[in-house]
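>>> Dropping the sequence and predicted coords here.
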Amino acid sequence: MNAIEQQLWDYIDGNLSVSEAKLIEDKINADAEIKLQYEALLSLNLAFGKIELDEPSMSFTRNVMESIALEPAPVAMKTKVNTNIIYGIGGFFIISLVALFGYALFNADIKFSDLDFKINANFNLNKYMTPTMLYSFLFADLVLGLVFLDYFLRKKTVH
């Protein structure tokens, strides 16, 4: 659509100011080609005005609303947490606390002066914590983590 055509449409629709409308009117009267284009657009506008708009039937809205009413209402999604995960995390922390308490108790030098009872559990953890032991522990953790990840991803794709 060129500029003059846009101006002609605005003139036909009455979207121009008085000075702009006067300018377009002068162009229409001065140029035969613009006058021909104006008459074609005017006849097209009149044809558009005669077209009747299609309207839905009177019961269309009622029918649509009734069909929507028959649909079941959406249910809010509830996330279900697997209790095994909660028990696993809790168990890990309980075992960690028990192991820490046991280590502290085992390395404590407890003296009961009244009973003359001495416990001296000298446990040297550095003797057992070698680099090979540490790497073995990390390797076992890696394998267990990969097994868990595989199980988790497979379980997710099934459902």
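Cool, the structure landed.

>>> where in the chain is pLDDT low?
Low-confidence segments of the chain (pLDDT under 70): 1, 77-79, 110-123, 156-159.

>>> which residues in it form strands?
Per DSSP state E, the chain carries strands over the ranges 109-112, 117-120.

>>> Phi, psi for residue 130 please.
Dihedral pair for residue 130: phi -90, psi 160, per degrees, to the nearest 10.

>>> Which parts of the longest helix that the chain contains count as buried, going by neighbours?
Ordering each helix of the chain by length in residues (DSSP state H) puts helix 131-158 first. Under the neighbour-count criterion of 16 or more other C-beta atoms under 10 Å, helix 131-158 has nothing buried. (Each C-beta comes from the backbone N, C-alpha and C, glycine too.)

>>> Which elements pack onto it?
On a contact count with 3 or more C-beta pairs under 8 Å, 6 or more residues apart in numbering; DSSP states H and E, helix 131-158 meets no helix or strand.

>>> Please name the residues that touch residue 72.
Residues counted as contacts of residue 72 (C-beta atoms under 8 Å, 6 or more residues apart in numbering): none.

>>> State the distance from it to residue 62.
20 Å (C-beta to C-beta, to the nearest Å).

>>> coming back round to it: mind checking how far the longest helix of the chain is from the chain centre?
Taking the mean of its C-alpha atoms, helix 131-158 sits 29 Å from the chain's own mean (C-alpha atoms, centre = their mean, to the nearest Å).

>>> Tell me where this protein has helices.
3-13, 18-30, 32-50, 60-70, 83-107, 131-158.

>>> so which of the ones you listed gets nearest residue 124?
helix 83-107 (9.5 Å; C-beta to C-beta).

>>> relative orientation of the closest one and helix 131-158 in degrees?
For helix 83-107 against helix 131-158, the angle by axes from the mean of the first three to the mean of the last three C-alpha atoms, to 10 degrees is 170 degrees.

>>> Buried ones in helix 83-107, by neighbour count?
Applying 16+ other C-beta under 10 Å to helix 83-107 flags no residue as buried.

>>> a markdown table please, covering the helices of the chain and showing distance to residue 76.
Putting those into a markdown table (distance: least, C-beta to C-beta, whole Å) gives the following:
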| stretch | distance to residue 76 |
| --- | --- |
| helix 3-13 | 50 |
| helix 18-30 | 58 |
| helix 32-50 | 49 |
| helix 60-70 | 19 |
| helix 83-107 | 21 |
| helix 131-158 | 21 |
